[in-house]
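J.: My questions concern the predicted model and sequence given below.
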Amino acid sequence: QVQLVESGGGLVQAGASLRLSCAASGRTFSSYTMGWFRQAPGKEREFVGAINRSGSTTYYPDSVKGRFTISRDNTNSTVYLQMNSLKPEDTAVYYCAAGEPGLSYARSQDRYAYWGQGTQVTVSS
């Protein structure tokens, strides 16, 4: 079992930056690929990015590539989502998730076994 707790969300203006954190507890954090997802009202949950177990490789969809950066600190069992140049369309609840055992990478939320409770990010125009 892995417990995940996100923090760092808030209300910002367009063009601003935010850094989300996701603290993990439980089994060995470094054994999990970690992902970030978001869900806006009335929309399906969307893949925002992922980072492999060692932190050497990251993956992003085109919608956030160049603006968002994922990193991880395996010593402190924390994964981060740095969000720059935020846009109103980035408004959503952001979730971190731990991949199923052995997962190297996936965009599908079905491949992630553990989820945090989410943190709200609101970007005003």
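T.: Received the coordinates, thanks. Numbers count the residues shown, from 1 in each chain.
J.: Would you agree G9 is in contact with T119?
T.: Yes. Counting by C-beta atoms under 8 Å, G9 does reach T119; the two are 3.4 Å apart. Heads up, the C-betas are built off the backbone N, CA and C, glycines and all.
J.: Can you read off the backbone torsions of the nearest residue to G55 once chain neighbours are set aside?
T.: Counting by C-beta to C-beta, 6 or more residues apart in numbering, G55 lies nearest to R72, which is 4.6 Å off, once chain neighbours are set aside. Note on R72: backbone dihedrals following degrees, to the nearest 10 are phi -140, psi 150.
J.: show me the contacts for the closest residue to S124 other than its chain neighbours.
T.: Nearest non-adjacent residue to S124, counting by C-beta to C-beta, 6+ apart: Q13, 5.4 Å away. Residues near Q13 by C-beta atoms under 8 Å, 6 or more residues apart in numbering: 123-125.
J.: Any quick ChimeraX command for the buried ones out of the residues you listed?
T.: Applying 16 or more other C-beta atoms under 10 Å to the contacts of Q13, the buried members can be selected in ChimeraX as follows:
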select :123
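J.: can you redo the contacts of Q13 as a markdown table with distance to A24?
T.: Shown next, in a markdown table, are the contacts of Q13 (distance: C-beta to C-beta, whole Å):
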| residue | distance to A24 |
| --- | --- |
| V123 | 26 |
| S124 | 31 |
| S125 | 34 |
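J.: Specify which member of the contacts of Q13 is nearest to Y112.
T.: Nearest to Y112 among the contacts of Q13, counting by C-beta to C-beta, is V123 at 24.6 Å.
J.: what's the closest of the contacts of Q13 to N84?
T.: Closest to N84, out of all of the contacts of Q13 and judged by C-beta to C-beta, is V123, at 11.7 Å.
J.: residues in contact with that closest one?
T.: 11-14, 16, 86-91.
J.: And those, which of them are buried?
T.: Using 16+ other C-beta under 10 Å as the burial test, those include 12, 86, 90-91 as buried.
J.: re the thing from before, in strands, which of the contacts of Q13 fall?
T.: If you go by DSSP state E, those have 123-124 in strands.
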